[in-house]
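the following block contains a protein sequence and its predicted model.
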Amino acid sequence: YGDRVTLEIATAGLAIGAAVGIGLGVVAGLRRGWVDVVLGRLMDIALAFPPVFFGLLFAATRGPGIWSVVIAIALVTWAQFARVIRSEVISLSEKGFMALARVHGASQLRTTFAHILPNIAPTCVVLISLRVGFVVILDSIFSYLGAGVAPPAASWGGMISDGQAYISTAWWIALAPGLAILAVVLSLNLTGDWLRVRLDPTLRGSDLKRQMRSGQAIWRLVWPSRSELSAAEPQTDGNLDGQR
């Protein structure tokens, strides 16, 4: 029953946070002006707080319970979605097909549903899949610290907390839910990476896609090579001049 409660809370909290964040990100990217400024400052304020501390403070203030954790997860995650979707919508608004649609007299509502939302759908799917693992860990932290689901409901974090008292005699009580969290989070993160490769046309047929099929990407996620680390570093102007 621990996985049922944890996954239900993670799904509900992430769904609310994603819906609010995607909606506000679309509004900020389309409206611009003072609306974009106000929503941007709200995003900055939400992202400035450590997510675990902010969610734990909210959940502890409202008291333990399922909906306390769901709302805390939504408050922690909405700004991350809003920031990415806002940038995506601004980029799409400057494309040629958007200007052509406006020239033909299409309203903003029509262009939003016909062009903006279909083009940001892959980004939304990838964002949600990559944040599920984080939300599962967040719910487990809340339950472990006593601010999550109250007994008799079971959760993985609560099981680990209860098993601490028997760690010297029955260590498997705390180990089993910990391994369950590890397996679920790892599988969700790998699924998110796979979706990112499948939904991004620039990555189709690349080496990363072949490595995801063969399982080599799992080791790369844990221990990247030196060449990959150096390739991820930003290039200086001198290097760019040398390449020219």
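Alright, I've got the coordinates. Numbering: from 1, shown residues only.

can you give me the distance of R32 to V89?
Distance of R32 to V89, given as C-beta to C-beta, to the nearest Å: 10 Å. In short, each C-beta sits where N, CA and C put it, glycine included.

no, scratch that, I was asking about W67
According to C-beta to C-beta, W67 stands 31 Å off from V89.

of the two, who's got more company?
V89 (23 against 12; other C-beta atoms under 10 Å).

wait, what's in contact with that one?
V89 makes contact with 25-26, 28-30, 116, 120 under the criterion C-beta atoms under 8 Å, 6 or more residues apart in numbering.

quick check: buried residues in the helix or strand that contains it?
Taking DSSP states H and E as the definition, V89 sits inside helix 66-93. Neighbour counts over helix 66-93 (16 or more other C-beta atoms under 10 Å) mark 66, 68-86, 88-89, 92-93 as buried.

same thing with stretch 126-135?
So for stretch 126-135, counting by 16+ other C-beta under 10 Å, buried means 126-135.

what's the answer for stretch 23-31, then?
Those would be 24-30, for stretch 23-31 by 16+ other C-beta under 10 Å.

could I get these as CSV with secondary structure and pLDDT?
CSV is the format used below for the buried residues of stretch 23-31 (DSSP: H, G, I helix; E, B strand; the rest coil; pLDDT from 0 to 100):
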residue, secondary structure, pLDDT
L24, helix, 90
G25, helix, 89
V26, helix, 88
V27, helix, 88
A28, helix, 86
G29, helix, 84
L30, helix, 83
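
make TSV from these and add distance to L42 to it.
TSV is the format used below for the buried residues of stretch 23-31 (distance: C-beta to C-beta, whole Å):
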residue	distance to L42
L24	8
G25	11
V26	15
V27	12
A28	9
G29	14
L30	17
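
and those residues, which is closest to D44?
Distances from D44 to the buried residues of stretch 23-31, taken as C-beta to C-beta, are shortest for A28 (12.1 Å).

make sure that closest one is actually in contact with G40.
Yes. Using C-beta atoms under 8 Å, A28 is in contact with G40, at 6.6 Å.

who touches both of these two?
R86.

still on that earlier bit, check the offset of the helix holding V89 from the chain's centre.
8 Å (C-alpha atoms, centre = their mean, to the nearest Å).

immediately after that helix, which helix or strand?
Toward the C-terminus from helix 66-93 - assigned by DSSP H and E - lies helix 96-103.

and that next one, what does it pack against?
helix 108-111 (3 or more C-beta pairs under 8 Å, 6 or more residues apart in numbering; DSSP states H and E).

which residues in this protein form helices?
When assigned using DSSP state H, the helices of the chain occupy the ranges 2-31, 33-48, 51-62, 66-93, 96-103, 108-111, 117-144, 156-163, 172-199, 207-214, 216-222, 226-232, 237-243.

how about TSV for these, with distance to A150 added?
Output for the helices of the chain, formatted as TSV (distance: least, C-beta to C-beta, whole Å):
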stretch	distance to A150
helix 2-31	11
helix 33-48	27
helix 51-62	11
helix 66-93	9
helix 96-103	50
helix 108-111	44
helix 117-144	9
helix 156-163	9
helix 172-199	17
helix 207-214	40
helix 216-222	35
helix 226-232	43
helix 237-243	56
